[in-house]
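Asks: could you work out the structure for the sequence below:
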Amino acid sequence: MPSVSTLIKLSSILDASMDYIMMKSDTRNIIEVQSLSDSETRLLGFYKRLNSSGKEKALSYIEGLNDGLRSYHK
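Replies: As a prediction, the model looks like this:
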């Protein structure tokens with residue numbers, strides 16, 4: 001078992017939670033609610049109210065926006 005300091009370093013290097021590294025979670029990154037901005041909190045609130053079809057559309061739209069931004073900055 002790695003030490004806590006080693007887990008912290010691995011977590012930072014791999015951009016993954018310590019639970020994920022130790023295979024205790026399927027979630028790669030755990031977002032700390034306190035670190036969310038007001039806009040991010042609003043966005044999550046809207047997302048949670050969508051049905052599954054709406055959530056898929058929202059994710060596709062956001063992925064498209066990100067792809068467009070990556071293409072624009074190249």
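
Asks: when you work out contacts or count neighbours from here on, use the C-alpha atoms and nothing else.
Replies: Fine.

Asks: how many residues are close by Ile62?
Replies: For Ile62, the neighbour count with other CA atoms under 10 Å is 12.

Asks: element containing it?
Replies: In this assignment (DSSP states H and E), Ile62 forms part of helix 52-72.

Asks: and that helix, what's its mean pLDDT?
Replies: On average, the pLDDT along helix 52-72 is 83.

Asks: equivalent analysis for stretch 16-24, please.
Replies: Per-residue pLDDT over stretch 16-24 has a mean of 73.

Asks: my read: Ile21 touches Ser12, true?
Replies: No. Counting by CA atoms under 8 Å, Ser12 is not a contact partner of Ile21; they are 10.9 Å apart.

Asks: neighbour count: those two, which is higher?
Replies: Remark: of Ile21 and Ser12, Ile21 carries more neighbours, 17 against 12, as counted by other CA under 10 Å.

Asks: how about that one, what does it touch?
Replies: Residues in contact with Ile21 (CA atoms under 8 Å, 6 or more residues apart in numbering) are Leu7, Leu10, Ser11.
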